[in-house]
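A predicted structure for the sequence below; I have some questions about it.
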Amino acid sequence: MRETIVKTSYLNKALGILAASLLLGGTLAAATLPRGQQPAPDNTKTNQGDAGKDAVTADQQGSTDADRQTTRQIRKALMKDSSLSTYAHNIKIITRNGRVTLRGPVRTEDERAGIEAKAAAVAGAENVRNKLTVAPAKSGQ
């Protein structure tokens, strides 16, 4: 019986050392990957435009029920439209004092115009500022 306990103890230590070695080895391998191999997030340049003094950003969304409802209705209309790209579904919609600003990249000029029309149907054309940019898909996407 003592022999079994000693063998089990030895086996547990060996497995512990092996697991620690694998964990440490994986951590070191991940830490040594060249940073240049990872693609930059696609919206990095877009977000730099948010730093302008007159840029409207999502944190400026109005807190009134009417502003939140307007944004909600526009987002709902966009999400219902399955012909829109993922980019179009993820644009920023900022409503403040009844005025809507649309920001972010879309894939085509048709998407840009269609989103503006959906927002105008909810908020009125005079209350919509279309700051959407067209960023066509790169080959292979």
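Happy to help now that I have it.

Okay, domains of this protein per the record?
2-27, 57-134 (automatic domain parsing).

measure Ala135 to Asn97 for me?
29 Å (Cβ to Cβ, to the nearest Å). Any C-beta I mention is one placed from the backbone N, CA and C, and that applies to glycine too.

go on, Ser85?
Ser85 is 30 Å from Asn97, by Cβ to Cβ.

Comparing the two, which shows the higher neighbour count?
The neighbour comparison of Ser85 against Asn97 (other Cβ atoms under 10 Å) goes to Ser85, with 14 against 9.

contacting residues for the closest residue to the more buried one other than its chain neighbours?
The shortest distance from Ser85 to any non-neighbouring residue, by Cβ to Cβ, 6 or more residues apart in numbering, is to Arg107 (4.2 Å). For Arg107, the contacting residues are 85, 87-88, 134-137, by Cβ atoms under 8 Å, 6 or more residues apart in numbering.

which of those are buried?
Neighbour counting with 16 or more other Cβ atoms under 10 Å marks 87-88, 135 as buried within the contacts of Arg107.

so what secondary structure elements neighbour the helix or strand hosting Arg112?
For Arg112, the element it lies in under DSSP states H and E is helix 109-123. Here helix 109-123 touches helix 65-80, helix 86-89, strand 99-106, strand 128-134, going by 3 or more Cβ pairs under 8 Å, 6 or more residues apart in numbering; DSSP states H and E.

Okay, Ala121 and Ser85: tell me how far apart.
20 Å.

which stretches of this structure aren't confidently modelled?
1-11, 15, 18-60, 62, 139-141 (pLDDT under 70).

buried ones in stretch 97-116?
99-108, 111-112, 114-116.

returning to that earlier point: who's in contact with the helix holding Arg112?
70, 73-74, 77-78, 81, 84-85, 87-88, 91, 93, 95, 98-100, 102, 106, 127-128, 130, 132, 134.
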